[in-house]
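Chemist: let's see this in three dimensions:
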Amino acid sequence: MMKLLKHRIVARFALSGALIMALFTGCEYEYIEKPTLPPITTELKFSTDIIPVFNQSCNNAGCHAAGAIPPDLSPANAYSALTSGGFIDTANPSASIIYTVMHTGSMKSFSTPEQAQLVLTWIEQGAKNN
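Modeler: From the prediction side, this is the model:
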């Protein structure tokens, strides 16, 4: 009886040790650093650089088109919707709502990092209606 009890204790100890070892050796994380995008050094234009981003990713039926979910990002209304709706913060461009939703927020899956960078750079350059 004593021998059986010793075997059970040893077996439980061995099993516990094996589980602990598996936990510590089984978890491995790989951190993949995203490449940094090269800075945009040219002056961006709202009409030729930013509107195409909205046309491609945002201003579709049911999304941010005229009469749909605000802001209205259709070419005719996008600039005034962004500026009057508080979506742009030229004092702190990276805190601009339009940028944060494209970069890390709910619209991240609908835009690329390059598109978010274009919008951020445009805001950093003063968010001109050009």
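Chemist: in the protein, mark out all the strands, start to finish.
Modeler: Read by DSSP state E, the chain holds no strands at all.
Chemist: how many other residues sit next to residue 36?
Modeler: If you count neighbours by other CB atoms under 10 Å, residue 36 ends up with 8. C-beta: built from backbone N, CA, C; applies to glycine.
Chemist: quick one: contacts for it?
Modeler: By CB atoms under 8 Å, 6 or more residues apart in numbering, no residues touch residue 36.
Chemist: show me what contacts residue 61?
Modeler: Contacts of residue 61 by CB under 8 Å, 6+ apart are residue 68.
Chemist: how far away is it from residue 68?
Modeler: Counting by CB to CB, to the nearest Å, the gap from residue 61 to residue 68 is 7 Å.
Chemist: and if you look at residue 57?
Modeler: Residue 57 is 14 Å from residue 68, by CB to CB.
Chemist: where does the protein dip in pLDDT?
Modeler: Counting by pLDDT under 70, the chain contains low-confidence residues at 1-11, 13-35.
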